[in-house]
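1. Sharing a model prediction with you, sequence too.
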Amino acid sequence: MPLALGCSVAISAACHPPPYDLDAAFKPVQWGAVEDEPGQLYSHCTFTSKESKEPETSVQYA
């Protein structure tokens, strides 16, 4: 996970899993790029117990 320094928006985004990631607190998690909903325009990077991809430097994340 890149250093977010004091950016509360980046820290908040990293701590909000996708809505379909239920009971993540009880499972192993990883940090990466996820889609909140299929077909969504932007992905975001967060901790999740679901599948995630390595973020790409050429992609903008919400």
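-> Looks like it came in fine.

2. how about the strands in the protein?
-> 30-34, 44-48 (DSSP state E).

3. which one of those lies closest to residue 24?
-> Go through the strands of the chain one by one with Cβ to Cβ and the one that ends up closest to residue 24 is strand 44-48, at 6.4 Å. Any C-beta I mention is one placed from the backbone N, CA and C, and that applies to glycine too.

4. What separation do you get for the spatially most central residue of the chain and residue 13?
-> Geometric centre of the chain, nearest residue: residue 46, 2.1 Å, by Cα atoms, centre = their mean. Using Cβ to Cβ, to the nearest Å, one gets 6 Å for the distance from residue 46 to residue 13.

5. Any chance of the strands of the chain in CSV with mean pLDDT as columns?
-> Listed next are those as CSV, based on pLDDT from 0 to 100:
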stretch, mean pLDDT
strand 30-34, 89
strand 44-48, 87
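
6. Deepest-packed of the ones you listed, please.
-> The highest mean neighbour count among the strands of the chain, using mean count of other Cβ atoms under 10 Å, belongs to strand 44-48: a mean of 20.

7. Enumerate every residue touching residue 17.
-> 24, 34, 46, 47, 48, 49, 50 (Cβ atoms under 8 Å, 6 or more residues apart in numbering).

8. do that again at 7 Å, thanks
-> The neighbours of residue 17, taking Cβ atoms under 7 Å, 6 or more residues apart in numbering as the test, are 24, 46, 47, 48.

9. Residue 35 contacts residue 43, correct?
-> Yes - Residue 35 sits in contact with residue 43 when judged by Cβ atoms under 7 Å, with a separation of 5.1 Å.

10. So for these two, which sits in the more crowded spot?
-> Legend: neighbour count by other Cβ atoms under 10 Å for residue 35 and residue 43, higher for residue 43 (20 against 17).

11. For residue 30, see how far away the more buried one is.
-> Counting by Cβ to Cβ, the gap from residue 43 to residue 30 is 15 Å.

12. Kindly report the same for residue 11.
-> Taken as Cβ to Cβ, the span from residue 11 to residue 30 is 17 Å.

13. Same question for residue 47.
-> Taken as Cβ to Cβ, the span from residue 47 to residue 30 is 7 Å.

14. Check residue 23 too.
-> From residue 23 across to residue 30, the span is 15 Å (Cβ to Cβ).
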